[in-house]
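Undergrad: structure here, sequence nowhere to be found:
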């Protein structure tokens, strides 16, 4: 048994890791200046590439003194439109919309279909509006979000501000159509609508617009009217207040994109940006930089455009640099759900527990504006490049697995020559080594070097790693050493990466990217199988043919080490991985010690899994709130709201699981793996029996892999992708073992 001192030492180490001191960014934001007014300027579609490419003197001067970030404009869908973007700001949680009606935010006395908007609102809701504007679509928007498993509380931002006595106002109007009939595009009001769908104050009427045939839909903002509207809700009386202004000409131009060619659109977009820059100059003239906070945010982009957008914040206590949040855990990245918590935090107000997002914190930087903008552009480019790599790299691995499995079946059945067996074994090692190579490739600026460099790197690395492992095995006279080295490389690359900040996983083909994933840290669902399968197989090899007590302890320590990497919040932070791998460790122990599988054994496994989740969750809670990962934030919500948030997350993961499980090529690896498994178990040659005679503990490792893969697919929102990756790694490993030579002549 493992000595109590070692266990105590391990627990102390976990506690130290979990109670990691707060970052300088967190300490800086704890000392921010007294709250004042907050001006939020919405600039739909603005990217950092736009800032680089256009002459925008006001925006550039503002950005020079601001903290910046790439914004992932995610609502329920990976890319928001205007309605779900502003509703996500309103709720501080991912939200959805009814696109055909979400812009119907009208003045109470405004006519629509022969009735006053206030009357229509009263008919639909049974409420008398207490404000200037009403969302006629509010009941439909609430129904749409009630059907989603995100627990979005629409209007939560406005309710929190009003309850604290903070006046709010929304200003903007993106109306416009080239068709017959009216067009209401006033979604900006949704961001500050209360829980009834009422916008207390602001200016959203037609009076904000001028007729100008040269502009999209023949309308543009009247800067004088916008300035007057802001002035009316921006008194310099020392009070706290929030005013949201939309640069609606940008919104209109985005909607006009399908109606013009590319050259015309670029010109219209440049004109809209220049006009927005001039409007911002007038707004900033009314800001007191020593007291007022200004946020510039691009909440959505062109339909179908997956580029990250711009976010910047300047004001008291905000130094030039980058922004991050507990949602992203990465400097230079925010998500749309973080906007509302950031506004509340800067006003000294507590974030409602129902809000999914977390406040932005500042990481100061002495870099120039050009350098910071270039850095954010490169992060976006890397993310987009990763999306182009994912499918072809997956295809390479799955097709390679299929070919290897088929050739191995033919080879073993026909009894081909040894040289063919060596070639298949070498190919299997290469296919496995390509996986860690895909992460190591992120050490280079792939978005600049191109796809050709990426493929050359991972293929050459795979071949070199396979050759080096084979030569090492020949030199040692131990054939299995080649497989051990490649599997160890796969696991160590992932462990080393997550323990040093997951820099390689960001925008790696099998990592994660802000344009495609909601989580940007820790062990990804693609990475899980690449860590746990090597851990299980290497633990089985470590037991050898004579599982002496020290070997058993060493194998168990190896698997527990993998569990620690998966679960520690500063490292893997993989809740689903802990849920799946803890029972896998139990299955390994049961198989090694040949215990009978009883109900008591299953109960112990369940208790151990719950204990592991609780341990890692409380470690996360021990960290400062602005540093907590998703498990600690879930513990926060369960402590405040009960099990409701947990049930919602389980439902959301189930829905996502079913969707992803039918759409990824990784799923194809599962039937290939099952077919090969059937061959090694049931064919007359019975290759698996031979493998188990040579390595009696291999069966325990395979049992652990199956448990880890099945449970991993069940509890993660990536569904069968998790099982597909694990199936690919273990099947390629079995291919190598099936063609493994009995003896390797030692080299000189």
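TA: That came through, no problem. Note that the structure is a prediction, hence the values are computed from the model and not measured.
Undergrad: all helices for the stretch 51-200 of the chain, in order.
TA: Here the stretch 51-200 of the chain has its helices, by DSSP state H, counting those that start in this stretch, at 57-64, 82-91, 117-125, 138-146, 156-163.
Undergrad: pull up the per-residue confidence for residue 303.
TA: With respect to pLDDT, residue 303 scores 84.
Undergrad: from residue 80, how far out is it?
TA: Distance, residue 303 to residue 80, using C-beta to C-beta, to the nearest Å: 10 Å. Quick note: C-beta positions are derived from backbone N, CA and C, even for glycine.
Undergrad: got the contact list for the residue lying closest to residue 468 once chain neighbours are set aside?
TA: Spatial nearest neighbour of residue 468, excluding adjacent residues (C-beta to C-beta, 6 or more residues apart in numbering): residue 485 at 7.7 Å. With contact taken as C-beta atoms under 8 Å, 6 or more residues apart in numbering, residue 485 is in contact with 468-469, 472-473.
Undergrad: which among those gets closest to residue 610?
TA: Set against residue 610, the nearest of the contacts of residue 485 by C-beta to C-beta is residue 469 (39.4 Å).
Undergrad: from residue 478, how far off is the closest one?
TA: Distance, residue 469 to residue 478, by C-beta to C-beta: 11 Å.
Undergrad: give me the more crowded residue out of the two.
TA: Ranked by neighbour count (other C-beta atoms under 10 Å), residue 469 and residue 478 place residue 469 first, with 24 against 14.
Undergrad: which ones are touching the more buried one?
TA: If you count contacts by C-beta under 8 Å, 6+ apart, residue 469 has them with 429, 433, 481-483, 485-486.
Undergrad: cutoff 6 Å now
TA: Residues near residue 469 by C-beta atoms under 6 Å, 6 or more residues apart in numbering: 429, 482, 485-486.
Undergrad: show the pLDDT at it.
TA: Reading off the confidence values, residue 469 has pLDDT 97.
Undergrad: I'd like to know how far it sits from residue 733.
TA: Remark: distance between residue 469 and residue 733 (C-beta to C-beta) = 13 Å.
Undergrad: I'd say residue 465 and residue 431 touch.
TA: No. Checked against C-beta atoms under 6 Å, the pair residue 465 and residue 431 is beyond contact range at 10.9 Å.
Undergrad: strands of the stretch 51-200 of the chain, residue ranges please.
TA: For the stretch 51-200 of the chain, the strands defined by DSSP state E, counting those that start in this stretch occupy 67-72, 105-107, 111-112, 115-116, 133-135, 168-171, 198-199.
Undergrad: now for the fifth one, which elements pack on it?
TA: Judged by 3 or more C-beta pairs under 6 Å, 6 or more residues apart in numbering; DSSP states H and E, strand 133-135 is in contact with strand 105-107.
Undergrad: one more time with 8 Å
TA: In terms of contacts (3 or more C-beta pairs under 8 Å, 6 or more residues apart in numbering; DSSP states H and E), strand 133-135 is packed against strand 105-107, helix 117-125, strand 198-199.
Undergrad: list the buried residues of the second one.
TA: Meaning helix 117-125. Of all the residues in helix 117-125, those buried under the rule 16 or more other C-beta atoms under 10 Å are 117-118, 120-122, 124-125.
Undergrad: repeat for stretch 168-187
TA: So, applying 16+ other C-beta under 10 Å, buried residues of stretch 168-187: 168-176, 184-187.
Undergrad: pull the most distant pair out of the residues you listed.
TA: The distance between the two most remote of these (C-beta to C-beta) is 25.5 Å, for 168 and 176.
Undergrad: what's the pLDDT at residue 23?
TA: pLDDT at residue 23 comes out at 40.
Undergrad: ok, residue 718 next?
TA: pLDDT, residue 718: 75.
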